[in-house]
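Enquirer: I would like the atomic coordinates for the input below:
(chains A, B, C and D)
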There are 2 protein chains.
Amino acid sequence: MDDRAPLAVPTLEMVAALAGVSRSTVSRVVNDSPQVTTEAIDAVNRAIAELNYVPNRAARTLASRKTEAIALVIPENTAKFFADPFFASVIQGIAMHLSTTDYTLSMLIAAEADSEKTRRYLQGGNVDGALILSHHSDDRSYKSLASSIPIVFGGRPMSNEGSDNYVVDVDNIESARVATQYLIDHGRTRVATIAGRQDMAAGLDRLEGWRKALAGSSLPADLVEVGDFTPHGGATAMEKLIARGQPFDAVFIASDQMASGALGVLRAHGLSVPGDVAIVGFDNDYFSTTSIPPLTTVDQPSVELGTHMAEVLVRLIGGIPVDKVTIMPTRLIERESV
Amino acid sequence: MDDRAPLAVPTLEMVAALAGVSRSTVSRVVNDSPQVTTEAIDAVNRAIAELNYVPNRAARTLASRKTEAIALVIPENTAKFFADPFFASVIQGIAMHLSTTDYTLSMLIAAEADSEKTRRYLQGGNVDGALILSHHSDDRSYKSLASSIPIVFGGRPMSNEGSDNYVVDVDNIESARVATQYLIDHGRTRVATIAGRQDMAAGLDRLEGWRKALAGSSLPADLVEVGDFTPHGGATAMEKLIARGQPFDAVFIASDQMASGALGVLRAHGLSVPGDVAIVGFDNDYFSTTSIPPLTTVDQPSVELGTHMAEVLVRLIGGIPVDKVTIMPTRLIERESV
DNA sequence: GTGAAAGCGCTAACAC
DNA sequence: GTGTTAGCGCTTTCAC
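Expert: Numbering: from 1, shown residues only, chains lettered A, B, ... in the order given. Okay, the predicted model is just below:
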């Protein structure tokens, strides 16, 4: 109507004027301060509605020193696994949970080249806290950050000496042990493994679990090939395993994605599952349900892992006490590959 | 060393003092203003390094009215497809590209319940622009936003009447037509389709392409079942297709994820691929390369789609002219399912 | 319970 | 080329 003030973004001051109160009062109402009279609240809310007022986040952040933002740091090498259903689900869980709060989610692909940039961003008062997704060896730099800003790790950091971090994880060692033991309990005596990347905790720990199970049954633990958690990596690892020429009747594969690649190779070599080779995977992603045969695998609550990470961080920021370490439960899903 | 000023975050003012210049000059250096003497630049940079100064983003945003932030809006219904390799790749492309710029990526899961919240966020001066990922019918609300903030759509909006939007997409109709024609050219005469969700443009358009090819060859176009782009949906659709009792010797499936589910059903029914039924999928995700048999499919440059979306938006924000519509090329990958 | 006043840390005219 | 001066829109003591 009035073209002279075309896109005037309403400010708190305008709301105050319209409501007939001071800016402080408007601010109090907006921030749910308890000590404001009902009348004032009503007047202000009416004015807010009428003006279609939206608080300016930058101004708020500047004045309050709170950003209401959380960073999701994904190391570049991990970003390549974006398509991995496990990671995707974790991220989805994080995003979904945060969308129910007032926090904003900033996604950061941390270039390994200049971790400086990431550190600056995190320390530059851009966010109230950070979620750091599972990654490899050089996570020491992030750990140091924890002293200046709340941080929650998804998957234990590689360098876990201090173990003074907040982390949400599953018990990879025990889960892998159980999975391997399952194979042994089903009469398999030559149990190989396709391990995950050895520069990631999950890769390391699942291999460790496999070793433990074998050691406990005094079975040889020599058949190990390392993959990279991708289908292609799984296929390559399986090729190598077969090329060794040593017989095996079972394989514990550290991720269903790798299993998807491995299964194809097995079939190409005329090896049947579970007839010739029994398989147990890890993740319980959709591949494991649609594969031929459906995969016996270790289920981990991926979405919940994300949800919980977000929850822990939000509490941490809010000064509410939380457990440093949360281990989410896994369970073996029995299907037809064993 | 000096415990009396423990965590004093350095400000621009401190840098100015240390460098012996005014705050304006520091600001100019930080913002790469051309008209500053080399000496001044050096002095400032030295001070910045010494103090480990990081500009406060909120203050900057407040003063300059630029946020240097971009929102990635993912409609809640789309968020469920987070694990879909196609979406994951697009997001990865976006994030990777943005990480090379100064822009920050805010991920927003847009709850359908209150799209108000999303709109407010986008209009509240929190971001300089927004990327909106492919979604369903009620995208009209977002389109109206385009007048107040630069917006780029990934995948054409459903309600494309005005077509006055910036969009990055592939030609789904033509790609599907080519895929279907390929089946026909290989002698198949009863070509069915498993379509994608009909409340998404990609679902609609790929079905349309299939129809076109069939019409062009005067073959019947009656065998269509609708899936939801997930493996499970693909399996269900295939079950229905088979349950019809009408013979078919080929199926164009609107996504490789659905094909993964469908393939299992085919096998369960003792139908061989491509012997009994030829299959062409869509996406060229990793499933198509590891499946048995490897899938002939339509490749779309998913990561590049994301990269390009980000590029277009950044230009748009910068006031640099860009094409409204970008259609990225697809190509048929011939493998062994036909 | 409410208002006044003083910034939060930075950018952006405008002078010099 | 560089400094001065105003704010950007909000929160937050501190009085009243």
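
Enquirer: Helices of chain A, residue ranges please.
Expert: Listed in chain order, the helices of chain A (DSSP state H) span A:12-19, A:23-30, A:38-51, A:57-64, A:76-79, A:85-98, A:115-123, A:140-145, A:172-185, A:201-216, A:231-243, A:256-268, A:286-290, A:302-317.

Enquirer: got a markdown table for the ones you listed, with distance to chain B, mean pLDDT and mean neighbour count too?
Expert: For the C-beta atoms, the positions are set from N, CA and C on the backbone; glycine is no exception. Listed next are the helices of chain A as a markdown table, based on distance: least, C-beta to the nearest C-beta, whole Å; pLDDT from 0 to 100; neighbours: other C-beta atoms under 10 Å in any protein chain shown:
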| stretch | distance to chain B | mean pLDDT | mean neighbour count |
| --- | --- | --- | --- |
| helix A:12-19 | 13 | 93 | 18 |
| helix A:23-30 | 13 | 94 | 18 |
| helix A:38-51 | 11 | 93 | 15 |
| helix A:57-64 | 4 | 92 | 18 |
| helix A:76-79 | 6 | 74 | 19 |
| helix A:85-98 | 4 | 90 | 24 |
| helix A:115-123 | 5 | 81 | 17 |
| helix A:140-145 | 13 | 68 | 15 |
| helix A:172-185 | 21 | 98 | 22 |
| helix A:201-216 | 18 | 97 | 21 |
| helix A:231-243 | 5 | 95 | 21 |
| helix A:256-268 | 5 | 93 | 25 |
| helix A:286-290 | 5 | 84 | 23 |
| helix A:302-317 | 9 | 95 | 22 |
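
Enquirer: Can you redo the ones you listed as CSV, where the extra columns are distance to A:Ile151?
Expert: Converted to CSV, the helices of chain A look like this (distance: least, C-beta to C-beta, whole Å):
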stretch, distance to A:Ile151
helix A:12-19, 33
helix A:23-30, 29
helix A:38-51, 35
helix A:57-64, 19
helix A:76-79, 16
helix A:85-98, 14
helix A:115-123, 8
helix A:140-145, 6
helix A:172-185, 21
helix A:201-216, 16
helix A:231-243, 29
helix A:256-268, 27
helix A:286-290, 31
helix A:302-317, 8
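
Enquirer: Identify whichever of those lies nearest to B:Val29.
Expert: helix A:115-123 (16.4 Å; C-beta to C-beta).

Enquirer: Going by contacts, tell me the helices and strands next to that closest one.
Expert: strand A:69-75, strand A:104-110, helix A:140-145 (3 or more C-beta pairs under 8 Å, 6 or more residues apart in numbering or on different chains; DSSP states H and E).

Enquirer: looking at these, which is closest to DNA strand C?
Expert: Smallest distance to DNA strand C across the helices and strands packed on helix A:115-123 (C-beta to the nearest atom of the strand): 15.9 Å, for strand A:69-75.

Enquirer: That closest one vs strand B:69-75, what angle?
Expert: For strand A:69-75 against strand B:69-75, the angle by axes from the mean of the first three to the mean of the last three C-alpha atoms, to 10 degrees is 90 degrees.

Enquirer: tell me the angle strand A:69-75 makes with helix B:85-98.
Expert: Strand A:69-75 and helix B:85-98 are oriented at 100 degrees to each other (the same axes, to 10 degrees).

Enquirer: and strand A:69-75, what other elements does it pack with?
Expert: The contact analysis (3+ C-beta pairs under 8 Å, 6+ apart) places strand A:69-75 against helix A:85-98, strand A:104-110, helix A:115-123, strand A:129-133, helix A:302-317.

Enquirer: circling back: for A:Val178, which of the helices and strands packed on helix A:115-123 is the nearest?
Expert: A:Val178 lies closest, by C-beta to C-beta, to one member of these: strand A:69-75, at 28.8 Å.

Enquirer: mean confidence score for the closest one?
Expert: What strand A:69-75 shows for mean pLDDT is 90.

Enquirer: Check whether it comes near DNA strand D.
Expert: No - using C-beta under 7 Å from any atom of the strand, strand A:69-75 never reaches DNA strand D; the gap is at least 14.5 Å.

Enquirer: strand partners of that strand, parallel vs antiparallel please.
Expert: strand A:104-110 (parallel), strand A:129-133 (parallel) (DSSP bridges).

Enquirer: Distance to B:Ala213 added to those, as JSON lines?
Expert: Formatted as JSON lines, the strands paired with strand A:69-75 follow (distance: least, C-beta to C-beta, whole Å):
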{"stretch": "strand A:104-110", "distance to B:Ala213": "39"}
{"stretch": "strand A:129-133", "distance to B:Ala213": "43"}
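
Enquirer: for the helices and strands packed on helix A:115-123, which one sits closest to B:Leu98?
Expert: Of all the helices and strands packed on helix A:115-123, strand A:104-110 sits nearest to B:Leu98, with 7.9 Å by C-beta to C-beta.

Enquirer: then that closest one to CSV, C-alphas only?
Expert: Taking C-alpha atoms only, strand A:104-110 is exported to CSV below (Å, rounded to 0.1, in the frame of the first residue of the first chain):
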residue,chain,number,x,y,z
THR,A,104,20.6,-24.0,13.6
LEU,A,105,22.8,-26.6,12.0
SER,A,106,25.9,-25.4,10.1
MET,A,107,27.5,-28.1,8.1
LEU,A,108,31.3,-27.9,7.7
ILE,A,109,33.4,-30.0,5.4
ALA,A,110,36.7,-29.8,7.1
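
Enquirer: Spell out which parts of chain A neighbour DNA strand D.
Expert: Within chain A, the positions adjacent to DNA strand D are A:9, A:11-13, A:23-24, A:27-28, A:30-31, A:53, A:55-56, A:59-60, A:62-66 by C-beta under 7 Å from any atom of the strand.

Enquirer: quick one on the thing from earlier: how about the helices and strands packed on helix A:115-123 in CSV, adding distance to A:Pro247?
Expert: What follows is these, written out as CSV (distance: least, C-beta to C-beta, whole Å):
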stretch, distance to A:Pro247
strand A:69-75, 39
strand A:104-110, 44
helix A:140-145, 42
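
Enquirer: Count the residues that sit near A:Phe252.
Expert: 32 (other C-beta atoms under 10 Å in any protein chain shown).

Enquirer: was I right about it contacting A:Gly196?
Expert: No - applying C-beta atoms under 8 Å, one finds A:Phe252 not in contact with A:Gly196, separated by 11.1 Å.

Enquirer: Quick check: neighbours shared by the two?
Expert: A:Arg206 (C-beta atoms under 8 Å, 6 or more residues apart in numbering or on different chains).

Enquirer: Please report the distance of the residue nearest to A:Gly264 when sequence neighbours are not counted from B:Gly319.
Expert: Leaving aside its chain neighbours, A:Gly264 sits nearest to B:Thr290 (5.0 Å; criterion: C-beta to C-beta, 6 or more residues apart in numbering or on different chains). Distance of B:Thr290 to B:Gly319, given as C-beta to C-beta, to the nearest Å: 45 Å.
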